[in-house]
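Novice: with the input below, show me the fold.
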Amino acid sequence: MSSEQWCSQQRINDLKQPIGPALDNWSPRPRPPRTTMSGRYCRVEPLQPQHAGALFEAFGADSDGRNWTYMPYGPFEDFDSFERWLQQQCQGEDPLFYCIIDNATDQPVGMASYLRIEPAVGVIEVGHIHFSPRLQRTALATETMYLMMRRVFDELGYRRYEWKCDSLNEPSRQAAKRLGFQFEGVFRQATIYKGRNRDTAWFSILDSEWPRLKSAFEQWLAPQNFDANGEQQQRLQAFLD
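Specialist: Have a look, this model is predicted:
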């Protein structure tokens, strides 16, 4: 948004102070339901204890454990400790965890969650994103993010969708940008995890930006954008430009 556009949206109150646009018809939004989101390549279903075994195996393909570096937990020494952790997450409402299922194999290949859910103001974050090597850099991974965005904006009517990560986590920062999130800045010394400091990079998508992003995702995910080997014909960015 240009400075001119920003200024044109400002209102002035009786005290001659600038104030934001009125939201006369706003009402609190529903919390995300614990139900499945289905797509062509994957489905995103509520995390259940029975997912533990297949997820532990899928995450095990990450032999050096690099996928756990920027997570606040893990890696887990054995299946029992992972299963105990997962069972606790299944019971939570915030974060609200989902398991990502590959439709082709009907097997779990990753996890993601909604968190910091604020129905009163229509803000929600996506996080705890853990894509196994079987899921990374696939159409399933992008469709997962699309399905979660679609629920937030189209089904629930939220105003803002956030992505936050360790500012040193360059793959996560690049993923956010690829998916259409706008970089907002870095909160310095925002938290501590695994005995170390974390500066947190913030990204977001607004409801006003969603229609363009939705169109781009749907064009990219369309069958005609993939060849017989499943390779993309055009990058997602081509539909966003």
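Novice: just the element for Trp85, please.
Specialist: Using DSSP states H and E, Trp85 falls within helix 79-90.
Novice: so where is the chain shaky, pLDDT-wise?
Specialist: The chain contains residues with pLDDT under 70 at 1-9.
Novice: tell me where it has strands.
Specialist: Remark: strands assigned in the chain by DSSP state E are 11-12, 18-19, 37-38, 42-46, 96-102, 107-118, 123-131, 160-166, 182-193, 196-206.
Novice: got JSON lines for the ones you listed, with distance to Ala58 and mean neighbour count too?
Specialist: Any C-beta I mention is one placed from the backbone N, CA and C, and that applies to glycine too. What follows is these, written out as JSON lines (distance: least, CB to CB, whole Å; neighbours: other CB atoms under 10 Å):
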{"stretch": "strand 11-12", "distance to Ala58": "51", "mean neighbour count": "10"}
{"stretch": "strand 18-19", "distance to Ala58": "50", "mean neighbour count": "10"}
{"stretch": "strand 37-38", "distance to Ala58": "19", "mean neighbour count": "17"}
{"stretch": "strand 42-46", "distance to Ala58": "13", "mean neighbour count": "20"}
{"stretch": "strand 96-102", "distance to Ala58": "9", "mean neighbour count": "23"}
{"stretch": "strand 107-118", "distance to Ala58": "5", "mean neighbour count": "21"}
{"stretch": "strand 123-131", "distance to Ala58": "9", "mean neighbour count": "21"}
{"stretch": "strand 160-166", "distance to Ala58": "21", "mean neighbour count": "21"}
{"stretch": "strand 182-193", "distance to Ala58": "23", "mean neighbour count": "12"}
{"stretch": "strand 196-206", "distance to Ala58": "26", "mean neighbour count": "17"}
